[in-house]
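Colleague: model the following, please.
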Amino acid sequence: PNTENYVQTKIYLDYNGGAPTKSSETIQYFDGLGRSKQVVGIKASPSGKDVVTHIEYDQFGRQVKDYLLVPQSGTQNGAIYASPLGNASSIYGAEKIYSEKVLENSPLDRIQQQIQVGNDWAGKPVKFEYGTNASDEVYQFVTSTTWENNATKSILSLSS
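Modeller: As a prediction, the model looks like this:
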């Protein structure tokens, strides 16, 4: 018996009047907090094997790693995989199979760095900076508009 929370989706891709001939079927599993934890594409690979997306969260409940799809060695017809990343090394080798976000240590959870998939990108993160407006960095302009010779005339001046 299945004791997991899940949503099953079946999309018919081809229908010949009497019965569907092609369909796409996925099952999305959820943890006890209602967050996605695994998506299984049933027989979604060209060879008819399941394709699984693994989803995990850090200790604060944030999804900081986005994993590549992992083709499995067979099909379980939609059942959840206990170790969905077990087949990853035979598909991707020793490559890093997830992108990751480094978040700042604050309740805002702003991204400080984003590191892409693959070993070659591990040392080349995209970095983000957040700043504030110090004195004299933001200017306020004021426009004065008048009607002159059947047209508007605007004068722009620096207020502060």
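
Colleague: all contacts plus neighbour counts: C-alpha atoms, from now on.
Modeller: OK.

Colleague: can you show me the helices along the protein?
Modeller: 88-92 (DSSP state H).

Colleague: quick check, central residue of the protein?
Modeller: By CA atoms, centre = their mean, the chain has its centre lying nearest to Asp66, at 6.3 Å.

Colleague: so that one is in contact with Ile115, correct?
Modeller: No - the pair Asp66 / Ile115 is not scored as a contact, 10.4 Å apart, by CA atoms under 8 Å.

Colleague: and for these two, which residues touch both?
Modeller: Ser99, Glu100 (CA atoms under 8 Å, 6 or more residues apart in numbering).

Colleague: flag the shaky bits of this structure, pLDDT-wise.
Modeller: 1, 136, 160 (pLDDT under 70).

Colleague: what is the burial count for Val64?
Modeller: 18 (other CA atoms under 10 Å).

Colleague: where's Asn5 relative to Arg35, distance?
Modeller: 10 Å (CA to CA, to the nearest Å).

Colleague: tell me which of the two has more neighbours.
Modeller: Per other CA under 10 Å, whichever of Asn5 and Arg35 has more neighbours is Arg35, with 15 against 12.

Colleague: ok, how many other residues are close to the closest residue in space to Val117 that isn't next to it in sequence?
Modeller: Of all residues not flanking Val117 in the chain, Ser99 sits nearest, at 4.6 Å (CA to CA, 6 or more residues apart in numbering). Neighbour count for Ser99, taken as other CA under 10 Å: 17.

Colleague: partners of Ser99 in the sheet?
Modeller: Asp66 (DSSP bridges).

Colleague: need the residues that contact stretch 60-72.
Modeller: 45, 49-58, 84-85, 87-88, 91, 97-102.

Colleague: among the residues you listed, which are located in strands?
Modeller: Val51, Val52, Thr53, His54, Tyr98, Ser99, Glu100, Lys101, Val102 (DSSP state E).

Colleague: hmm, Ser36 and the third one touching each other?
Modeller: No - the pair Thr53 and Ser36 does not pass the contact test of CA under 8 Å, sitting 10.0 Å apart.
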